[in-house]
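In: okay, here's the prediction I keep looking at, along with the sequence it came from:
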2 protein chains.
Amino acid sequence: MTGATDDGAARPSVVVVGHAARDLVLRIGELPGAGASTTVEERIERLGGKGANIAVGLRQLEPHVAPILVAVLGQDAAGDMALREAVEAGIDIRLVVRRGTTALLVDVVDDHHERRLLEHMTEESLLTVDDIRAAEDELSTADVVVLQLQQPADALLAAARSVRRGARIVLDGAIEGEARDELLALATVVRADAEEAAILGGTQVAGVDDALRAARELLAKGPSLVALSVPDAGDLLVWRDGHELFPHGDAPVVDPTGAGDAFVAGLVAGLLRGLDPQQIGQLAKAAATSTVQRLGGHPELGELDDEGEDGTTDADRTHR
Amino acid sequence: MTGATDDGAARPSVVVVGHAARDLVLRIGELPGAGASTTVEERIERLGGKGANIAVGLRQLEPHVAPILVAVLGQDAAGDMALREAVEAGIDIRLVVRRGTTALLVDVVDDHHERRLLEHMTEESLLTVDDIRAAEDELSTADVVVLQLQQPADALLAAARSVRRGARIVLDGAIEGEARDELLALATVVRADAEEAAILGGTQVAGVDDALRAARELLAKGPSLVALSVPDAGDLLVWRDGHELFPHGDAPVVDPTGAGDAFVAGLVAGLLRGLDPQQIGQLAKAAATSTVQRLGGHPELGELDDEGEDGTTDADRTHR
């Protein structure tokens, strides 16, 4: 389904299927020992979850796209707040389901910029096949569908099968079992970190050589572009007739949270812009680099094109 | 100010001056290492803060008393929720001030029942002298005033000076500097853990002998009853002509959070009932023992008298 922008150009339709949650980011000096306490120096509370983060990041990179988010928020005050934020971020929320308790992701970041994540993913916060059925119209007319794989396999398969031929499916994360091969066969792009790549590929990914081998195996199963993050090296993009490693930059990492979500948003923006693989990789890398320079993993990518790849803009943060 | 109960008996007035906050309790298996994540197995979110906990516990122990809470809650959704809960718990909220952001106390409890507390105590969540001035009528007519000492010294002094002669002041915690001696001189009961006792008394409190010495020094400065918690030993109550150690029970500790608040609620209930020091200690100990058997440090003391000292009732928890 393509709409029209003010200048009459086609407006692509993007659906993001994934998790929505409340993010609670706590910056502390040092983690206290057992029985002890410490002061929280900074606290951020807002819309999070990988699906919502990808949608928000994409909207920032491509302001003419209103990503349709397929996700669950609770019927609680946290869900109300998160939904309001999604609307303010320009997300199309018509397919956000409300039930149960909003999932909570507590991100504890210390002065060494080490992150510990405490995830309260309630059962009801996961998507069901019925949720996907309700999204069938949008999925079957979308130009790009992002499937964040931290969801039940039956729901993901139902979503992937609804996508029209010619549209592109972007997979983020990993999934085991029978669903994996069918999803890979339907996908155009796959993005995974080393741990996820090991699950997808069935082999360890310790270095760049491992990652290149794993990516080529994944390419053989369907996708035309594979992006794997390699510990201590960078992000490796591999396509049919080439590959490129985008090394981790020297920019200081404040909080590694959300880098992967921003990277996916960059991949999708690159696809929409019709870039070649190298250019897609540059854009995705710049988005991720910008995100790790801020506490909380929430994308602030709107000024990325103006700021260049270092993305050092100190964007507004919401303290609540 | 004493009101009348349904049966015409005098109804004592109790004011609790202290902190109110939102408690977020997260039960996890093991704390993740740096860079890793873990699943939250249980999550509780509700009214907390030492002042609010003492007021709620006291109301449960003494249902004919509606404790007046002097505390600050934020002008936010968390503050709305906390205030609603205080009303439901039977707290008199007429002196609860609303401003800024509600303080947040994150209590991470692992499978070894070890607790780590991450405290976001905003500046605006602390009481000011103006807040205390607004409470002068209630403070000057109260029968018992609890001062939780985790507040600015000038506000605490203003509160203590407003209390009428003949009323009883219960101090909980520790305070340094000039305010300390004046507060001790005005107090009837002082309760402190070992660390707080060291601050109040100026000496280390490593064992029961230390605690006894420290308590006698505190008695000499004004109060007639001192309760000190001694690590690995129990709670020591010391009064003019006697003392008694209430050892830690054998009951399993699920979460040590809130034991001190429940203990203070028990002390106040004992004072109101006109019990002797040993009986006061028994009641306070039973309240604390009941509280550590539940996750989250929120008192559930309503059935304490029915259940006896072991307090093994598995009271309702609110999962939100």
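Out: Structure's in. What do you need? In this text the structure is predicted, and so the values were computed from the model without any measurement. Residues are numbered from 1 along each chain as shown, chains lettered A, B, ... in the order given.

In: alpha carbons only for contacts and neighbour counts from here, please
Out: Will do.

In: not counting sequence-adjacent ones, nearest residue to the residue lying farthest from the centre of chain A?
Out: Most distant residue from the mean C-alpha position of chain A: A:Gly35, 35.8 Å away (Cα atoms, centre = their mean). Once flanking residues are discounted, A:Gly35 sits nearest to B:Arg115: 4.9 Å by Cα to Cα, 6 or more residues apart in numbering or on different chains.

In: and the one you found, bridged to which residues?
Out: B:Val109 (DSSP bridges).

In: run the chain-centre distance for the helix or strand containing A:Val15.
Out: Assessed by DSSP states H and E, A:Val15 sits inside strand A:14-17. With Cα atoms, centre = their mean, to the nearest Å as the basis, strand A:14-17 stands 11 Å off its chain's centre.

In: only C-alpha atoms, please: export it in CSV.
Out: Extracted in CSV, the C-alpha atoms of strand A:14-17 (Å, rounded to 0.1, in the frame of the first residue of the first chain):
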residue,chain,number,x,y,z
VAL,A,14,6.3,-0.3,6.3
VAL,A,15,4.9,-2.7,9.0
VAL,A,16,7.0,-3.5,12.0
VAL,A,17,6.0,-6.7,13.9
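
In: given the helix or strand just after it, what are its sheet partners and their directions?
Out: Moving toward the C-terminus from strand A:14-17, the next helix or strand (DSSP H and E) is strand A:21-28. Strand pairing for strand A:21-28, determined by DSSP bridges: strand A:37-48 (antiparallel), strand A:104-109 (parallel).

In: how about those in TSV, adding mean neighbour count and distance to B:Arg161?
Out: Below are the strands paired with strand A:21-28 laid out as TSV (neighbours: other Cα atoms under 10 Å in any protein chain shown; distance: least, Cα to Cα, whole Å):
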stretch	mean neighbour count	distance to B:Arg161
strand A:37-48	19	31
strand A:104-109	24	42
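
In: got a list of what the nearest residue to A:Thr188 once chain neighbours are set aside touches?
Out: Excluding its sequence neighbours, the residue lying closest to A:Thr188 (Cα to Cα, 6+ apart) is A:Pro223, at 4.3 Å. A:Pro223 makes contacts with A:184-190, as judged by Cα atoms under 8 Å, 6 or more residues apart in numbering or on different chains.

In: repeat that for A:Ala197.
Out: With Cα under 8 Å, 6+ apart, A:Ala197 has these contacts: A:173-174, A:203-205, A:211, A:214, A:228.

In: now do A:Ala89
Out: A:56, A:59.

In: distance check, it against chain B.
Out: 20 Å (Cα to the nearest Cα, to the nearest Å).

In: and the pLDDT for the residue most central in space within chain A?
Out: The centre of chain A sits closest to A:Asp261, judged by Cα atoms, centre = their mean, with a distance of 2.7 Å. For A:Asp261, the pLDDT comes out at 93.

In: next: the one 3 residues further on.
Out: On the pLDDT scale, A:Val264 is placed at 96.

In: returning to what we had before: from the contacts of A:Pro223, which single one is nearest chain B?
Out: A:Val190 (22.7 Å; Cα to the nearest Cα).

In: which residues of chain A lie near chain B?
Out: A:32-43, A:77, A:101, A:114-121, A:320 (Cα under 8 Å from any Cα of the partner chain).

In: what comes into contact with the strand holding A:Val15?
Out: So strand A:14-17 is contacted by A:51-52, A:54-55, A:65-71, A:138-139, A:142-148 (Cα under 8 Å, 6+ apart).

In: in that strand, what counts as buried?
Out: A:14-17 (16 or more other Cα atoms under 10 Å in any protein chain shown).

In: part of a strand, is A:Val97?
Out: Yes - assessed with DSSP: H, G, I helix; E, B strand; the rest coil, A:Val97 lies in a strand.

In: list the beta-bridge partners for it.
Out: Assigned bridge partners for A:Val97, using DSSP bridges, are A:Val72.

In: residues touching it, list them.
Out: Contacts of A:Val97 (Cα under 8 Å, 6+ apart): A:70-73, A:131.

In: and for A:Val230?
Out: Here A:Val230 is in contact with A:193-194, A:205-208, A:211, A:236 (Cα under 8 Å, 6+ apart).

In: list only buried entries from these.
Out: Here, 16+ other Cα under 10 Å leaves A:193-194, A:205, A:208, A:211, A:236 buried among the contacts of A:Val230.

In: restricted to helices, list these.
Out: A:194, A:208, A:211 (DSSP state H).

In: was I right about the first one contacting A:Val205?
Out: Yes - if you go by Cα atoms under 8 Å, A:Ala194 and A:Val205 touch, sitting 5.6 Å apart.

In: so what sits against both of those two?
Out: A:211, A:230.

In: and the nearest residue to A:Thr39 once chain neighbours are set aside, which of the three is it?
Out: What sits nearest to A:Thr39 in space, not counting adjacent residues and going by Cα to Cα, 6+ apart, is B:Glu119, at 4.9 Å. Under the three-state scheme (three-state DSSP), B:Glu119 adopts strand.

In: state the mean pLDDT of the strand holding A:Val15.
Out: Per-residue scores along strand A:14-17 average to 98.

In: figure out which of the strands paired with strand A:21-28 is closest to A:Ala167.
Out: Nearest to A:Ala167, of all those, is strand A:37-48, at 26.6 Å by Cα to Cα.

In: list the contacts of stretch A:208-221.
Out: For stretch A:208-221, using Cα under 8 Å, 6+ apart, the contacting residues are A:181, A:184-185, A:194, A:197-198, A:200-201, A:203-205, A:225-228, A:230, A:233, A:236, A:238-240.

In: so where's chain A shaky on pLDDT?
Out: A:1-10, A:255-256, A:296-297, A:303, A:305-320 (pLDDT under 70).

In: show me the helices in it, by range?
Out: A:50-61, A:77-88, A:129-133, A:136-141, A:153-162, A:178-186, A:194-201, A:208-220, A:259-272, A:277-291, A:304-307.

In: got those helices as CSV, with distance to B:Ala286 columns?
Out: Shown next, in CSV, are the helices of chain A (distance: least, Cα to Cα, whole Å):
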stretch, distance to B:Ala286
helix A:50-61, 46
helix A:77-88, 36
helix A:129-133, 49
helix A:136-141, 58
helix A:153-162, 50
helix A:178-186, 55
helix A:194-201, 49
helix A:208-220, 60
helix A:259-272, 50
helix A:277-291, 51
helix A:304-307, 60
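
In: hmm, which of the contacts of stretch A:208-221 are the buried ones?
Out: Of the contacts of stretch A:208-221, these count as buried by 16+ other Cα under 10 Å: A:181, A:184, A:194, A:197-198, A:200-201, A:205, A:225-228, A:230, A:236, A:238-239.

In: what's the local residue count around the closest residue to A:Ala134 other than its chain neighbours?
Out: Setting aside the residues directly before and after it, A:Ala134 is nearest to A:Leu95 in space (Cα to Cα, 6+ apart), at 7.6 Å. Neighbour count for A:Leu95, taken as other Cα atoms under 10 Å in any protein chain shown: 18.

In: circling back: contacting residues for the residue nearest to A:Thr39?
Out: Neighbours of B:Glu119 in contact, by Cα under 8 Å, 6+ apart: A:37-40, B:103-106.

In: could you rerun that using 6 Å?
Out: A:39-40, B:105 (Cα atoms under 6 Å, 6 or more residues apart in numbering or on different chains).

In: repeat that for A:Pro247.
Out: Shown in contact with A:Pro247 (Cα under 6 Å, 6+ apart): A:233-234.

In: and if we set it to 7 Å?
Out: A:233-235 (Cα atoms under 7 Å, 6 or more residues apart in numbering or on different chains).

In: circling back: what's the farthest-apart pair in the buried ones among the contacts of stretch A:208-221?
Out: A:Asp181 and A:Val230 (22.5 Å).
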